[in-house]
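In: 3D, please:
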Amino acid sequence: MNDTLISRRSRRGAVLIVVLVVVAMLSLAGYTFTHMMLTHQQAAQLHGRQVQARVLVDSGVEYVRTYFTQEEATRQEMGGHYLNPTVFQAVPVMVDADPRGRGNFSVVAPNLDEMGNLAGVRYGLEDLSTRLNMNILPMAEGLLPGAGRTLLMALPGMTEDTADAILDWIDEDDEVREFGAEAESYEGYMPKNGPLDSVEELLLIRGVTPRLLFGLDTNRNGMVEQHELEQEVSGVTSTAQETAAIDVTAEGMQRGWSGFLTLHSQEKNATSLGQQRIFVNNDNLQELFQQLSDVFNEEWAVFIVAYRQAGAFDGGDSGESASGHTIDFEQEPQEKLSQVLDLIDKKVQVRFADEDDSVVLRSPFPNDQAAMNIYLPLLMDVLSVSESPTIPGRININQAPRSILLGIPGMTEELVETIVEQRTLELDPQNEDPNLKFESWLLTTGVVDLDQMKALMPFVTAGGDVFQAQVVGYFEDGGAASRTEAIFDTTGKIPRVVFWRDISHLGRGYPLELLGVQLDVTQ
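Out: Residues are numbered from 1 along each chain as shown. Predicted coordinates:
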């Protein structure tokens, strides 16, 4: 009997243990389920905030497009696009008393020194005409043999064989340049023999490496940070051969070639008021004369059409004014202008309507600095030798770094130094001299003479109309953030985004203190 009682008590104890185990397992399952649900909730919240951060970037891109719909004068009154924290720093999109709910965007671009080295960031956009447009290199070669190589050789770390290989990749023929590379130099693929689709396509070309193309700034934030230097020293971002061959402290190497190159730079072929320029090479001389007469006086209009009809005259006659003569429109044009400066200091011998003898005309555009300061801004603004609505690839002498300026055919180190020094003085925002809107300020200020200016004109400009920036969307609690590189083409009536690259995988890139925060909404 006692054995039976003991057996029953043992079974009751075993049931209790089983119950405890089951309860523990159910509790653990409940805890696991709850923890998993909380994790999923947090993941959903993080995903939602990341989506919101991307929307903040979208807002920033549209904000920049809207900014460029304003008139040029209005944009200048707002502070311009180059350095303008009032317009481009910490623009609020989501306003909340809680920092977790405050969402902003900032528009930033690399701040560079005169050599093109990284010097932090600024709130604004980068004019891509300060870079070398790779797809105009064949055009440059057509204007001046060897110009393409000259432009490329100014890049830090560039060699002749790499420069020629790049030109062979882009040009349309299969002829190997002196140090170049065509099909026989590549395995498994052929040279493109056409324009590049992206700067990164250069990595397919012999001699171009990621280290050369992208430099030390691996997270693309315009600053070389300690961890990036450590990666370079340890060989994470470059091979030992590259590190030995390239001085990482060399001028411009921090940024890599990609910071000096573009495919998008161009400028409007329009007047300062946004109107179409007069196509001075128009073969309909009667139409050309009427257009010229609408903006110029009689002497200017008659001389320009007479120059088109007869070209320059080299005789010893001093010439007379073009005023008071009537154009004979039966005469076909014999001359085209390669640039507006062709009109300066020229004489023309032409026969006018109802006149038996030809007449020698003196130019109303003398090669005199004082006179040029008066007439040249108007000529440069109103006339064009091209019908195209845009002019691609010319280099902005007002902002381009020394290395890019040195690559321009016809440039010397002394001339570059003078330009850099002079533009610092001349290009004060308060300086309203109309000459400074055009690349010909080099001529009107005496930096170069007429022949030097003519040699430079096909390659230089005073400003482009395609801009690049990073738009960073972020929350003020330091959580979710998104970052995009965008290129804005403002050459048309409606600004367009022609390039968009999400670089959020590289991180926010900038500390919150630099991006900025909203004012305290509780005050």
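
In: rest of the way, CA atoms for contacts and neighbours
Out: OK.

In: Which of the helices or strands spans R483?
Out: Assessed by DSSP states H and E, R483 sits inside strand 481-489.

In: Remind me what that strand packs against, helices and strands.
Out: helix 2-67, strand 466-475, strand 496-502 (3 or more C-alpha pairs under 8 Å, 6 or more residues apart in numbering; DSSP states H and E).

In: tilt between that strand and strand 496-502?
Out: Strand 481-489 runs at 150 degrees relative to strand 496-502, counting by axes from the mean of the first three to the mean of the last three C-alpha atoms, to 10 degrees.

In: contact partners of strand 481-489?
Out: 50, 53-54, 57, 61, 65, 465-475, 495-504, 507-508 (C-alpha atoms under 8 Å, 6 or more residues apart in numbering).

In: And the buried ones among those residues, selectable in ChimeraX?
Out: Remark: buried members of the contacts of strand 481-489, expressed as a ChimeraX selection using 16 or more other C-alpha atoms under 10 Å:
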select :50,53,54,57,61,65,465,466,467,468,469,470,471,472,473,474,475,495,496,497,503,504,508
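
In: center of the chain, which residue is that?
Out: Taking C-alpha atoms, centre = their mean, the centroid of the chain lies closest to L128, which sits 1.5 Å from it.

In: Verify the stated contact: that one with F260.
Out: No. Here L128 does not reach F260: they are 9.0 Å apart, not a contact under C-alpha atoms under 8 Å.

In: By mean pLDDT, flag the weakest helix or strand of this structure.
Out: One helix or strand of the chain scores below all others by mean pLDDT, DSSP states H and E: helix 240-245, with a mean of 48.

In: Could you identify the helix or strand that succeeds that helix?
Out: Past helix 240-245, the next helix or strand by DSSP H and E is strand 261-262.

In: so where's the stretch 201-350 of the chain shaky on pLDDT?
Out: With pLDDT under 70 as the threshold, the stretch 201-350 of the chain has low-confidence stretches at 225, 231-252.

In: What segments of it are helices?
Out: 210-214, 226-234, 240-245, 285-295, 298-310 (DSSP state H, counting those that start in this stretch).

In: highest average neighbour count across those?
Out: helix 298-310 (a mean of 22; mean count of other C-alpha atoms under 10 Å).

In: same for that helix, what does it pack against?
Out: helix 285-295, strand 347-350.

In: out of the ones you listed, which comes closest to V385?
Out: Smallest distance to V385 across the helices and strands packed on helix 298-310 (C-alpha to C-alpha): 12.3 Å, for helix 285-295.

In: who does the closest one touch, helix- and strand-wise?
Out: Partner elements for helix 285-295 (3+ C-alpha pairs under 8 Å, 6+ apart): strand 278-279, helix 298-310.

In: Any chance of CSV for those, columns distance to L229?
Out: Below are the helices and strands packed on helix 285-295 laid out as CSV (distance: least, C-alpha to C-alpha, whole Å):
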stretch, distance to L229
strand 278-279, 53
helix 298-310, 59
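
In: Quick one, which of these gets closest to D161.
Out: Of the helices and strands packed on helix 285-295, nearest to D161 by C-alpha to C-alpha is strand 278-279, at 40.4 Å.

In: N111 is in what secondary structure piece?
Out: Per DSSP H and E: strand 103-112 holds N111.

In: can I get the CA coordinates of that strand in PDB?
Out: Provided in PDB are the C-alpha atoms of strand 103-112 (Å, rounded to 0.1, in the frame of the first residue of the first chain):
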ATOM      1  CA  GLY A 103      13.700  66.200 -41.900                       C
ATOM      2  CA  ASN A 104      15.900  68.500 -43.900                       C
ATOM      3  CA  PHE A 105      18.000  68.400 -47.000                       C
ATOM      4  CA  SER A 106      21.300  70.200 -47.800                       C
ATOM      5  CA  VAL A 107      22.800  70.800 -51.200                       C
ATOM      6  CA  VAL A 108      26.600  70.600 -51.100                       C
ATOM      7  CA  ALA A 109      29.500  70.600 -53.500                       C
ATOM      8  CA  PRO A 110      33.300  70.100 -53.000                       C
ATOM      9  CA  ASN A 111      35.200  73.200 -52.000                       C
ATOM     10  CA  LEU A 112      38.500  73.300 -53.900                       C
END
